[in-house]
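here is my input; please provide its structure:
(one chain, ligands or ions: 1)
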Amino acid sequence: MSYSYFSDSSYSGQRHPGRPNYNPPHQNFNNPYQTAGYYRTGNQPPTTGRGRGGRRGGGRGGGRGYNELDRPFREPFRRARDQYDNNNDLSEKLNELEIVDDEKKNNGINFDAYEDIPVETSGSDVPKPVDSFADVDLGEALNDNIRNRCRYVRPTPIQRHAIPVALAGRDLMACAQTGSGKTAAFCFPIISGVLKSMKSPAAVASPAAGYGRREVTTAYPLALILSPTRELCCQIHEEAKKFCYQTGVKVAVAYGGAPIGFQLRSFERGVDILVATPGRLTDVIERSKVSLKRVKYLALDEADRMLDMGFEPQIRKIVECLDMPLPGRRQTMLFSATFPDQIQRLASDFLSNYVFLSVGRVGSSTDLIAQKVVFVDDMEKQDYLRNLLHDQRAKGNLGKNSLTLVFVETKRGADSLERWLCQIGFPATAIHGDKVQFERERALKLFKNGVTPILVATDVASRGLDIPRVAHVINFDLPKDIDSYVHRIGRTGRAGKSGLATAFFNGKNSSIAKALSELMKEAHQESPNWLTQYVDGSSSGGRRFGSGKFGGRDYRSGGNGNSYATEDNSYLGGYAGPDYGGADGEVSYDPPAADYGGGVEYAPPSPAEFSGGYGGDGHGYESIVAGGWE
Ligand SMILES: Nc1ncnc2c1ncn2[C@@H]1O[C@H](COP(=O)(O)OP(=O)(O)OP(=O)(O)O)[C@@H](O)[C@H]1O
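Prediction:
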């Protein structure tokens, strides 16, 4: 077995010759900081004693992954990079970050950070936003939980706008930046609606006959919340339970990888709101343990992910083929931080006369995240990471109160990097789709409570997870598409707090250069000069829009032959500009199959693989399920 992060055999074979079986420190319950043997300084790899120069030379003939584009530019880039790094000491940046303590976590939100965010709504008769939770009728019990259990003092912008729309019974497609409170924005109206249904005369007269209560052995939830990953599903379930505390509303969860028997038994207590991943939900429906025929509220979190190519058939099956009431007879809410036009188009099949709401530009990142891009060749990534982490630790920016999340491309890469980090004295754990659920949950727990302040992750952890104190997100491997980048870096800089995101960039990432550069400029970040040289050489820029422009507002306003009468309601002015891809009808769509690449967490199959149904040959749907959904 190779311990190297890289698959290059000529290199990996030499990195850790004869190393005995190794248990990461956290598995031995030792404090790795006290294990002097694991701690190394300087630039030397752990056992080989080779310096940077040696590694470069050694890799040259060995397919170590330099892109040809690197060659002419490498030296100038290296100089530019060093210059850029000197001017942008990452650890200094981390020092400036606000570290949050528990008491401040929820009520210490910096609302000023959201004041200038432009908000746009479109659709007919859009209900007006509210300034406080008291301005809307959520019900006393729920309001009490918002105040006393969550300690939310004021609604965030997405909540101010989305809650009145949802309470008015309107379908909604909502896009707001990562960490801006979307979960509560769809949970509060759902809970409020369920509470009202429970008090209705029909429910009082016949409590066993419906309204989510038990009917023989089948549960009939009133609300269904779908999420793309198990961990996000658990997180939403926990949040929803907190919001529903002592309200009488019963929340249940169904996600893959966990014992189904336990989940089924929990349904016997009654289910008003079911939070689920698509695979396990389909399973429990097919076992007749859940029926969707009384669903009044349907919410899709990370809706663009749920509907992008590859995953859409299963969502369509759930929403259109399994007894779910039709659009118009249920209320549907779709939320995400990114919403490509093509996905908006697809999503509109599930909606009826909906309101489109965007807080901040669709797919943008928040200014709260300081973004840095550094030029690092593949073979230098480990050295660079080690130096970065040493620096962070020396300055007290790595530990329980300052967590670091490192994204890599492959599951194998995640395991290797985790092992290597532990070996060099940095307590790390890893999460990816090949781990069993117990290991995934354990890894998250160890990371959250700071036992292992470094988490190495694939895209399975890129969306939705709300982990307090993530101070630094490192894109060790950049993703192929900019939307994934937006979600990944969004694991920091949440709820008004600041954060830092560092991306390791090299010639292999040129397809994302343009979009990355635009995104950084838009978020008022300094984009290094050398990146523009890659921008000039890149084609579509990694955005899933052929125009290369940032993805649009409500696609219905693009004048592409839809029959909606769209009415714009801009609240902060200056938002609607000529930049939006959706507005000029130039939209084209690069299938994400090309974006996700082979062997990575989310690898949707080609449409042809779907033509025969749901797979079963190891290449189709099942491999996706293992990869990241279930
Ligand atoms: N009104 C509020 N006041 C204070 N804190 C809030 C408020 N609403 C939400 N939060 C907190 O903000 C954090 C982020 O919320 P949430 O996870 O819902 O963000 P999100 O927009 O869904 O992010 P992502 O796009 O990454 O999924 C959570 O810790 C949540 O408790």
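
who in the stretch 101-250 of the chain is up against the ligand?
Residues of the stretch 101-250 of the chain lying close to the ligand (C-beta under 6 Å from any ligand atom) are 106, 109, 152, 154-156, 159, 176, 178-184. The way it works is simple: take the backbone N, C-alpha and C, and place the C-beta from them, glycine included.

which pair of those spans the longest distance?
Largest separation among those by C-beta to C-beta: Arg154 and Thr178, giving 19.3 Å.

more neighbours: the two, which one.
Thr178 (27 against 14; other C-beta atoms under 10 Å).

check contacts around the nearest residue to the more buried one once chain neighbours are set aside.
The shortest distance from Thr178 to any non-neighbouring residue, by C-beta to C-beta, 6 or more residues apart in numbering, is to Gly490 (2.5 Å). Gly490 is in contact with 177-179, 337, 365-366, 369, counting by C-beta atoms under 8 Å, 6 or more residues apart in numbering.

next, give phi and psi for Gly490.
phi -70, psi 0 (degrees, to the nearest 10).

from Ser498, how far out is it?
According to C-beta to C-beta, to the nearest Å, Gly490 and Ser498 sit 13 Å apart.

contact residues of the protein facing the ligand?
Going by C-beta under 6 Å from any ligand atom, the residues of the chain near the ligand are 106, 109, 152, 154-156, 159, 176, 178-184, 337, 464, 466, 490, 494-495.

among those residues, which ones are in strands?
Ala176 (DSSP state E).

Arg469 is in contact with Asn401, correct?
Yes: with contacts defined as C-beta atoms under 8 Å, Asn401 counts as touching Arg469 at a distance of 5.5 Å.

neighbour count: the two, which is higher?
Arg469 (23 against 15).

distance of that one relative to Leu405?
11 Å.

then Glu418?
For Glu418 relative to Leu405 (C-beta to C-beta), the value is 12 Å.

could you do Lys435 as well?
16 Å.

what do you get for Leu357?
29 Å.

quick one: the helices in the stretch 301-450 of the chain?
303-307, 312-316, 341-347, 381-394, 411-423, 437-448 (DSSP state H, counting those that start in this stretch).

from what I can see Leu293 touches Arg329, true?
Quick fix: residue 293 reads Lys, not Leu. No: the pair Lys293 / Arg329 is not scored as a contact, 10.6 Å apart, by C-beta under 8 Å.

and among the helices of the stretch 301-450 of the chain, the most buried is which?
Comparing the helices of the stretch 301-450 of the chain by mean neighbour count (mean count of other C-beta atoms under 10 Å), helix 303-307 ranks first with a mean of 27.

ok, and what's touching that helix?
173, 226-228, 278, 300, 311-312, 315, 334-336, 338-340, 343, 346-347, 463, 483, 602.

can I get the buried part of those as one ChimeraX selection?
The ChimeraX selection below is limited to those of those classed as buried (16 or more other C-beta atoms under 10 Å):
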select :173,226,227,228,278,300,311,312,315,334,335,336,338,339,340,343,346,347,463,483,602
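
tell me where the model's unsure across the stretch 501-630 of the chain.
536-553, 557-630 (pLDDT under 70).

repeat that for the stretch 201-350 of the chain.
Ranges of the stretch 201-350 of the chain meeting pLDDT under 70: 201-216.

mind listing the strands for it?
Assigned strands in the stretch 201-350 of the chain, in chain order: 223-226, 251-254, 273-276, 297-301, 331-336 (criterion: DSSP state E, counting those that start in this stretch).

what's the angle from the fourth one to strand 331-336?
Relative orientation of strand 297-301 and strand 331-336, computed by axes from the mean of the first three to the mean of the last three C-alpha atoms, to 10 degrees: 10 degrees.

what sits up against strand 297-301?
Strand 297-301 is contacted from outside by 182-183, 186-187, 189-190, 193-194, 222-228, 232, 236, 306-307, 315, 319, 324, 330-336, 350, 464, using C-beta under 8 Å, 6+ apart.

do the same with the second one
The set of residues external to strand 251-254 that reach it, using C-beta under 8 Å, 6+ apart, is 219, 221, 233-234, 237, 240-241, 244, 263, 266-267, 269, 271-277, 280-281, 284, 290.

can you flag the buried ones in the residues you listed?
219, 221, 233-234, 237, 240-241, 244, 263, 266-267, 271-277, 280-281, 284, 290.

which of these fall within helices?
233-234, 237, 240-241, 244, 263, 266-267, 280-281, 284 (DSSP state H).

common neighbours of Gly490 and Ser498, please.
By C-beta under 8 Å, 6+ apart, the residues touching both Gly490 and Ser498 are Ile369.

just want the residue of the stretch 351-500 of the chain that's nearest the ligand.
Ala495 (3.3 Å; C-beta to the nearest ligand atom).

mind checking which of the residues of the chain next to the ligand are buried?
The buried subset of these - by 16+ other C-beta under 10 Å - is 109, 152, 155-156, 159, 176, 178-184, 337, 464, 466, 490, 494-495.

among these, which are in helices?
Using DSSP H, the members of those that fall within helices are 159, 182-184.

what would those look like in CSV with pLDDT?
Shown next, in CSV, are those (pLDDT from 0 to 100):
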residue, pLDDT
Gln159, 96
Lys182, 97
Thr183, 98
Ala184, 98
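
tally of neighbours for Asn529?
Asn529: 12 surrounding residues under other C-beta under 10 Å.

any figure for the gap between it and Glu120?
33 Å.

ditto for Val359
With C-beta to C-beta as the criterion, Val359 and Glu120 are 8 Å apart.

between those two, tell me which one has more neighbours.
Val359 (29 against 24).

partners of the more buried one in the sheet?
Val119, Ala176 (DSSP bridges).

can you pull the contacts of it?
117-119, 157-158, 161, 174-177, 180.

ok, 6 Å please
117, 119, 157-158, 176 (C-beta atoms under 6 Å, 6 or more residues apart in numbering).

okay, Ser2: pLDDT?
With respect to pLDDT, Ser2 has a value of 34.

same question for Gln177.
On pLDDT, Gln177 comes in at 91.

correct me, but it touches Ile369?
No: applying C-beta atoms under 6 Å, one finds Gln177 not in contact with Ile369, separated by 9.5 Å.

of the two, who's got more company?
Each of Gln177 and Ile369 has its neighbours counted (other C-beta under 10 Å); Gln177 has more, 31 against 24.

separation between that one and Pro164?
20 Å.

same deal with Met198?
Taken as C-beta to C-beta, the span from Met198 to Pro164 is 22 Å.

Val295 too?
On the measure of C-beta to C-beta, Val295 and Pro164 end up 22 Å apart.
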